[in-house]
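Novice: curious how this folds, go ahead:
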Amino acid sequence: MPDTAVPDLRRLSHFVAVVEASGFTRAAERLHLSQQALSSSVQQLEKEIGAALLVRSGRRISLTPAGQTLLDEGRTLLAAARTITRHTQAAAGAQPDEFVVGHSPAISSGEVYALLAPAIGALPSTSFTVVQLFPDRLVTGVREGSVNLGLRRGVVPRERLASTVARYDTLRIAVRSDHMLAGRSRIPVAELADETFVLWAPPGTSYYSDFLVNVCRRAGFEPHYRVSRVQGCPPEVAPLTDNAVAFVTSPPGPAIDGAVTVVDIEGPVLVPLQGLWQPHTRSAVRDLILAQR
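Specialist: Sure thing, here's the model as predicted:
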């Protein structure tokens with residue numbers, strides 16, 4: 001079979017810049033190129049790929065179906081190329097490896113450490129950095145390469161990222177320790193029908209919120225909920241800040257200096273923890289972490 005043409009990365013970056021700037025004029029200014037040089041670069045890219053990418057109408061441009069595909073996939077490819085360059089430069093400079101793990105607020109730093117512990121022990125020359133990020137910043141960090149591995153609750157499809165379920169965790173509820181449910185050792189989800197739940201984002205905007213709402217629906221009721229007014233703190237604090245029941249994955253028993261109690265749910269109910277990373281990249285550290293699942 002004949003070799004498939006591979007786009008020149010420089011020309012690909014020019015094409016992306018033109019689309020993001022909504023035209024050649026502003027893109028040329030940002031890239032410090034003449035419009036003629038930039039237009040020629042994009043035309044050469046179209047010849048390499050063998051497809052029209054842009055429809056030009058005066059100063060206006062629009063994407064062809066092929067152009068939209070290249071834009072979506074090309075951004076991912078350029079981000080991966082930058083990551084590969086950084087890794088290669090670090091190796092050439094004999095710099096210690098640094099591996100950045102980002103996690104959403106629904107996952108505690110303790111849970112992240114438990115996932116990383118085998119890799120930390122096996123890779124003494126690797127430096128690990130764990131940062132908490134809201135989901136939109138987490139996805140951006142993974143896509144751009146500043147986060148090597150992202151972790152979040154639920155499974156989100158249709159993103160141009162590589163992903164897998166890193167593990168499943170047991171879902172529980174957290175209540176104020178003076179709540180009548182705090183004395184229970186285990187409770188069916190159906191018995192929570194009259195409670196108000198805390199979510200960290202409205203259903204329809206968060207796959208984790210959708211997952212939690214569906215847990216209630218499978219138990220036979222439509223949950224009453226409110227979106228937490230305190231974001232970024234451990235999920236166990238929600239019963240204190242919002243005076244409502246919170247779904248958590250922390251161990252059963254007292255939490256937050258005894259002010260909150262975590263209670264098991266009958267079932268059990270398992271929630272996936274999704275790992276995300278940049279496509280077109282390889283990482284022995286990431287492989288070792290995800291091998292623990």
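
Novice: how about residue 47, secondary structure?
Specialist: helix (DSSP: H, G, I helix; E, B strand; the rest coil).

Novice: and residue 106, what does it touch?
Specialist: By CB atoms under 8 Å, 6 or more residues apart in numbering, the contact set of residue 106 is 152, 153, 200, 208, 235. Quick note: C-beta positions are derived from backbone N, CA and C, even for glycine.

Novice: any idea how far it is from residue 41?
Specialist: 44 Å (CB to CB, to the nearest Å).

Novice: which residues of the stretch 101-250 of the chain fall in strands?
Specialist: 126-132, 149-153, 162-170, 172-176, 186-187, 196-199, 224-227, 245-248 (DSSP state E, counting those that start in this stretch).

Novice: nearest spatial neighbour of residue 62, chain-adjacent residues omitted?
Specialist: residue 55 (4.7 Å; CB to CB, 6 or more residues apart in numbering).

Novice: that neighbour contacts residue 61, doesn't it?
Specialist: Yes - counting by CB atoms under 8 Å, residue 61 is a contact partner of residue 55 at 6.8 Å.

Novice: name the residues of the host helix or strand of the residue nearest to residue 62 that are buried.
Specialist: Here residue 55 sits within strand 54-57, counting by DSSP states H and E. Neighbour counts over strand 54-57 (16 or more other CB atoms under 10 Å) mark residue 54 as buried.

Novice: stretch 110-129 now?
Specialist: 111, 112, 115, 116, 119, 120, 123, 128.

Novice: for the helix ranked longest in the chain, packing partners?
Specialist: If you go by DSSP state H, the chain has its longest helix at helix 65-92. Judged by 3 or more CB pairs under 8 Å, 6 or more residues apart in numbering; DSSP states H and E, the packing partners of helix 65-92 are helix 9-20, helix 135-144.

Novice: residue 230 is nearest to which of those helices?
Specialist: Closest to residue 230 of the helices and strands packed on helix 65-92 is helix 135-144 (CB to CB; 16.5 Å).

Novice: output stretch 116-126 as CSV, restricted to C-alpha atoms.
Specialist: Extracted in CSV, the C-alpha atoms of stretch 116-126 (Å, rounded to 0.1, in the frame of the first residue of the first chain):
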residue,chain,number,x,y,z
LEU,A,116,0.1,6.4,42.7
ALA,A,117,1.8,4.6,45.7
PRO,A,118,3.1,1.6,43.7
ALA,A,119,4.6,3.8,41.0
ILE,A,120,6.1,6.2,43.5
GLY,A,121,7.8,3.2,45.2
ALA,A,122,9.0,1.6,41.9
LEU,A,123,10.3,4.9,40.3
PRO,A,124,12.6,6.6,42.8
SER,A,125,14.1,8.9,40.1
THR,A,126,10.6,10.3,39.1
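
Novice: chain center to it, what's the gap?
Specialist: 23 Å (CA atoms, centre = their mean, to the nearest Å).

Novice: quick check: mean pLDDT of that stretch?
Specialist: The average pLDDT within stretch 116-126 is 90.

Novice: for the residue nearest to residue 34 when sequence neighbours are not counted, which residues are in contact?
Specialist: Spatial nearest neighbour of residue 34, excluding adjacent residues (CB to CB, 6+ apart): residue 28 at 6.3 Å. The contact partners of residue 28, by CB under 8 Å, 6+ apart, come to 34, 35, 37, 38.

Novice: name the SS class of the third one, please.
Specialist: Using three-state DSSP, the structure places residue 37 in helix.

Novice: buried residues in stretch 284-291?
Specialist: 285, 286, 288, 289, 290.

Novice: any idea which helix or strand carries the residue nearest to residue 34?
Specialist: Under the assignment here (DSSP H and E), residue 28 is part of helix 24-31.

Novice: so for that helix, what's the average pLDDT?
Specialist: Per-residue scores along helix 24-31 average to 90.

Novice: how distant is that helix from the center of its chain?
Specialist: On CA atoms, centre = their mean, the centre of helix 24-31 falls 31 Å from that of its chain.

Novice: do the same with stretch 251-268
Specialist: That offset, for stretch 251-268, works out to 27 Å (CA atoms, centre = their mean).
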